[in-house]
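Trainee: next comes the sequence, and after it the predicted model I'd like to discuss.
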Amino acid sequence: MRSQIYEVDYEKGTIKLKNKLCPRCGKVMANHKDRWSCGYCHYTIFVQRKEG
């Protein structure tokens, strides 16, 4: 659902995007467990999580 990628603050009247934007094409990226990926241009950013 599109409503899950936005955060709305009704008191301030602002809308904030929760996910990152793709630096290559500007579309919204998907957040996976170990990476951010763009479904449009297939750009991927791998994330290393701290363990412990």
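Mentor: Okay, I see it.

Trainee: and the most centrally placed residue in the chain, which of the three is it?
Mentor: In the chain, the residue lying closest to the centroid (Cα atoms, centre = their mean) is N19, at 2.0 Å. Under DSSP: H, G, I helix; E, B strand; the rest coil, N19 falls in the coil class.

Trainee: can I assume S37 is in contact with M29?
Mentor: Yes - using Cβ atoms under 8 Å, S37 is in contact with M29, at 6.3 Å. Yep, even glycine has a C-beta here, placed from its N, CA and C like the rest.

Trainee: what is in contact with these two at once?
Mentor: Common contacts of S37 and M29 (Cβ atoms under 8 Å, 6 or more residues apart in numbering): 43, 45.

Trainee: more neighbours: the two, which one.
Mentor: Per other Cβ atoms under 10 Å, whichever of S37 and M29 has more neighbours is M29, with 22 against 16.

Trainee: where in the chain is pLDDT low?
Mentor: The model of the chain has pLDDT under 70 over residues 1-3, 52.

Trainee: circling back: which ones are touching the residue nearest to the centre of the chain?
Mentor: If a contact means Cβ under 8 Å, 6+ apart, then N19 has 5, 28-31, 36 as its contacts.
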